[in-house]
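Engineer: kindly generate the corresponding structure for this input.
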Amino acid sequence: MKKVTGDEYQILYDPSTATIEFTGSLRLLGASSYEPIIELLDEVAEQKPKIITVQLKKLQFLNSSGINALSKFVIRVRNEKHSDIVVQGTEAFPWQSKSLRNLQRLMPELRLEIS
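Structural biologist: Residues are numbered from 1 along each chain as shown. I've put the predicted structure just below:
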């Protein structure tokens, strides 16, 4: 289990299931603040699991810098063609329905599950 934490968020990666779970609220300032998270996402991509699950049901907020980091991860995985991505979100946080659909535009084969 690999973990990145901050005052308002926690990101856990379970390599046995290739699941990245985001919890809390990500309001970091600028790309440099997201560096530890980007490093974790890069590490997951380098492992080339068959399916990567991105679990966002407990993520209350993600600002534009965070969406940008997630988008770059999706583009990398799409370009490398080693893994499929499943993004799991919730209708409880309105930003998810709108913003997560954009990830499908970047990677049409991405499976988006919003419940």
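Engineer: C-alpha only now, for contacts and for neighbours.
Structural biologist: Noted.
Engineer: mind checking the end-to-end distance for stretch 18-36?
Structural biologist: End-to-end distance for stretch 18-36, by C-alpha to C-alpha, to the nearest Å: 18 Å.
Engineer: okay, buried residues for it please.
Structural biologist: A18, T19, I20, E21, F22, T23, G24, S25, L26, R27, L28, Y34 (16 or more other C-alpha atoms under 10 Å).
Engineer: just those residues: which are in strands?
Structural biologist: Assigned to strands by DSSP state E, the following of the buried residues of stretch 18-36 qualify: T19, I20, E21, F22, T23, G24, S25, L26.
Engineer: which residues are in contact with the second one?
Structural biologist: Same thing as I20. Shown in contact with I20 (C-alpha atoms under 8 Å, 6 or more residues apart in numbering): I11, L12, Y13, D14, I52, T53, V54, Q55.
Engineer: which strands or helices does the longest helix along the chain pack on?
Structural biologist: In the chain, taking DSSP state H as the definition, the longest helix is helix 64-80. Packing contacts for helix 64-80, counted by 3 or more C-alpha pairs under 8 Å, 6 or more residues apart in numbering; DSSP states H and E, involve helix 30-33, helix 35-47, helix 94-106.
Engineer: can I get the longest strand anywhere in the chain as PDB, trimmed to CA atoms?
Structural biologist: Identified as the longest strand of the chain according to DSSP E is strand 51-62. Extracted in PDB, the C-alpha atoms of strand 51-62 (Å, rounded to 0.1, in the frame of the first residue of the first chain):
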ATOM      1  CA  ILE A  51      -7.000  -2.500 -15.300                       C
ATOM      2  CA  ILE A  52      -6.400   0.600 -13.100                       C
ATOM      3  CA  THR A  53      -9.300   1.600 -10.900                       C
ATOM      4  CA  VAL A  54      -9.500   5.300  -9.900                       C
ATOM      5  CA  GLN A  55     -11.900   5.500  -6.900                       C
ATOM      6  CA  LEU A  56     -13.200   9.100  -6.400                       C
ATOM      7  CA  LYS A  57     -16.400   8.500  -4.500                       C
ATOM      8  CA  LYS A  58     -14.900  10.000  -1.300                       C
ATOM      9  CA  LEU A  59     -13.300  13.000  -3.100                       C
ATOM     10  CA  GLN A  60     -15.400  16.000  -2.300                       C
ATOM     11  CA  PHE A  61     -13.500  18.500  -4.400                       C
ATOM     12  CA  LEU A  62     -10.800  18.600  -7.000                       C
END
